[in-house]
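**Student:** build me a model:
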Amino acid sequence: MIFPRTIPGVPGNVPFLVVLVLTVAAGAAATARAADLFLSDEPEIYVAIDKLNAAGHLPGFLANTRPYSMQAVRAAADAASLTSHPEGLDGELLRWLASYSAPKTMGRVTAAAAYSDARLEPSNNEGIPRPGGWSAQGSIAARGEKTPYLSAQLRAASFRGEGDDDGNRLLDASIEAGYRYASVQAGRISTWYGPGRNGALILTNNAAPYPGVRVHNPEPIPMTGWFSFLGNAQYDLFLARLDKDRPIPHSLLFGMRLASRPGRCLELGVSRVLHYGGEGEGNGLADWWNAFKGTSDNDPGSKGNQIAGFDVELTVPLSVQPFQFYLDAAGEDEAGSIPAPSKWAFLWGVYLPSLLGSSNWDLRVEYADTYGGKAKEASWYDHPYNPHRYRGQVLGHPMGGGSRDWFVGSRYYILPSTFAEISYENILHDRGVQSSIGSPGERRTRYSAGLTGWLTPSWRAEARAATDSVTGQGGIPGSEGTDFSAFLAISYQATSLSDQAE
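**Tutor:** Residues are numbered from 1 along each chain as shown. Next comes the predicted model:
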């Protein structure tokens, strides 16, 4: 069975208010139920949840604030086991998900080999590059839920390539304390806001995890009374300290998201991020409040940066052909006496959890645009003082600003935990590229195929290959080329039920 790879690491230089909140919440946890750390990057679990959710089997689950909490996955699987009785592959997926989400202590070691014609930085890969030529990568993961009030996780990776292209990365490494409706996480964290799966406009895991503190509810809150129309509700707030190598070193990133599921077929969310503070700038509570109000960003010479938006996901679980439609809209550059985004970008998608009557096949089509309309006038992700990046990587959609992206992907499920997948992606960089180098008119076409699954209860394997063709590379007419890359990884994992498991 698979588990997230993520151990304690509390960031330094965190404002006093956040430390105080962490201390109070940790103390409150002593009388509460267990806090469960996030499920960080296990593709089998994420695609299983997407498939079950789109088929209508997880009606109370909020799927678009990620990473998911283990506690939320556990509660959703338990509830679905009592209320939904799917047949075929969906039934196997639900049973596997329920078994997977039982409290466990786990440890994992992974070894991988890769080849790439040129150095690349895969999308949504936590900022870990793939060196040109042959390379090797190793990673470790550990996660523990031994006590009822506190848990910890660790993920770290190391890569070695040709020409001294190597590095070590500390990924999600954090502790968490609290209970199902209020919990605090501290350490290196990552965030994904929105229903897009190939990317999201505001926050993804395209960049490396950042040091920060998060306050959230691991399980959805069933609203009552006047607010019962909201159904299940969810909140997520975090404050992170960004890297030194940026226009304003060590600036602060504040993120917040409120989401609700008013009914089994609808999920709504609103998200916002603020960049403010840093070396030589104000980092206190008053500075945060001025940034939060947004009015200061309209002042000449303002160094703050904000992105805000909303998303809608509609689930239609038809017996003939279930499908899910979603829209994500986010804007930069506030305008008016009441601050509101004025230069909007959009993402929409359609997901079919089963295709032509076969639950073994799924299909996703997704389109994202940070160039159409007034978005072409905005500095999407590349604010002159506070770029929406961490360690050089875009924190939002990996296509970057001034771009358009078409994505089509399909999976075939061999077993609940094993699937083959293929995808096609066409990226149009009308202004700018994924890196900070400007490059108008660049076009990329990517094809990929992969296989992910478990060989035994302890051994997991993953293989994938891709081609990336580019025309107008670097904005130079007639410049073109095609690069090939391949990746193979094998993992050994040991798990044991924790004292919390019944």
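
**Student:** contact partners for the nearest residue to Ala76 once chain neighbours are set aside?
**Tutor:** Spatial nearest neighbour of Ala76, chain neighbours left out: Phe61 (4.2 Å); criterion: Cβ to Cβ, 6 or more residues apart in numbering. The way it works is simple: take the backbone N, C-alpha and C, and place the C-beta from them, glycine included. Applying Cβ atoms under 8 Å, 6 or more residues apart in numbering to Phe61 gives the contacts Ile49, Asn53, Ala72, Ala76, Pro220, Arg261.

**Student:** drop anything exposed from those.
**Tutor:** Ile49, Asn53, Ala72, Ala76, Pro220, Arg261 (16 or more other Cβ atoms under 10 Å).

**Student:** which of those residues fall in helices?
**Tutor:** Taking DSSP state H, the ones among the buried ones among the contacts of Phe61 that sit in helices are Ile49, Asn53, Ala72, Ala76.

**Student:** from the contacts of Phe61, pick the one nearest Pro103.
**Tutor:** Pro103 lies nearest to Ala72 out of those, by Cβ to Cβ, at 13.4 Å.

**Student:** number of residues surrounding the residue nearest to that closest one when sequence neighbours are not counted?
**Tutor:** Nearest residue to Ala72, sequence neighbours excluded (Cβ to Cβ, 6+ apart): Glu219, at 5.2 Å. Using other Cβ atoms under 10 Å, Glu219 is surrounded by 23 other residues.

**Student:** check contacts around Glu219.
**Tutor:** The neighbourhood of Glu219, defined by Cβ under 8 Å, 6+ apart, consists of Ser69, Gln71, Ala72, Ala75, Arg180, Tyr181.

**Student:** helix/strand/coil for the residue nearest to Ala76?
**Tutor:** coil (DSSP: H, G, I helix; E, B strand; the rest coil).

**Student:** against Ala340, how distant is it?
**Tutor:** According to Cβ to Cβ, to the nearest Å, Phe61 and Ala340 sit 30 Å apart.

**Student:** Val365: neighbouring residues, count only.
**Tutor:** 16.

**Student:** can you start the count at 156 instead of 1 from here on
**Tutor:** All right, first residue 156 from here; so that's Val520.

**Student:** just checking, it touches Gly504?
**Tutor:** Yes - using Cβ atoms under 8 Å, Val520 is in contact with Gly504, at 6.3 Å.

**Student:** pick out the residue nearest the middle of this structure.
**Tutor:** Centroid-nearest residue in the chain: Trp347, 3.2 Å away (criterion: Cα atoms, centre = their mean).

**Student:** could you find the closest non-adjacent residue to it?
**Tutor:** Using Cβ to Cβ, 6+ apart, the nearest residue to Trp347 is Arg221, at 3.9 Å.

**Student:** kindly report the same for Gly605.
**Tutor:** Nearest residue to Gly605 in three dimensions, chain neighbours excluded: Arg619, at 3.3 Å (Cβ to Cβ, 6+ apart).

**Student:** which helices and strands does the top strand by length along the chain pack with?
**Tutor:** If you go by DSSP state E, the chain has its longest strand at strand 635-652. Judged by 3 or more Cβ pairs under 8 Å, 6 or more residues apart in numbering; DSSP states H and E, strand 635-652 is in contact with strand 259-271, strand 614-626.

**Student:** how many neighbours does Gly512 have?
**Tutor:** 9.

**Student:** quick one: residues contacting it.
**Tutor:** Val475, Gln476.

**Student:** can you tell me how far it sits from Val475?
**Tutor:** Taking Cβ to Cβ, one finds Gly512 at 8 Å from Val475.

**Student:** A helix includes Trp444, no?
**Tutor:** Yes - secondary structure of Trp444 (three-state DSSP): part of a helix.

**Student:** how far away is the residue lying closest to Leu207 once chain neighbours are set aside from Asn460?
**Tutor:** Of all residues not flanking Leu207 in the chain, Leu213 sits nearest, at 5.2 Å (Cβ to Cβ, 6+ apart). With the distance defined as Cβ to Cβ, Leu213 ends up 35 Å from Asn460.

**Student:** for the stretch 406-555 of the chain, which segments count as strands?
**Tutor:** With strands called from DSSP state E, counting those that start in this stretch, the stretch 406-555 of the chain shows them at 407-418, 421-431, 460-471, 478-490, 495-507, 516-524, 544-545, 548-549.

**Student:** quick one: mean pLDDT over the longest strand of the chain.
**Tutor:** Averaging pLDDT along strand 635-652 yields 90.

**Student:** strand partners of that strand, parallel vs antiparallel please.
**Tutor:** Note on strand 635-652: by DSSP bridges, its sheet partners are strand 259-271 (antiparallel), strand 614-626 (antiparallel).

**Student:** what bridges to Lys579?
**Tutor:** Let me fix one detail, which is that residue 579 is Tyr and not Lys. With DSSP bridges as the rule, Tyr579 is bridged to Val563, Tyr602.

**Student:** I'd guessed it sits against Arg599; true?
**Tutor:** No - with contacts counted by Cβ under 8 Å, Tyr579 stays clear of Arg599, the gap being 11.5 Å.

**Student:** which residues touch His212?
**Tutor:** Neighbours of His212 in contact, by Cβ under 8 Å, 6+ apart: Ala235, Ser239, Pro241, Asp245, Leu249.
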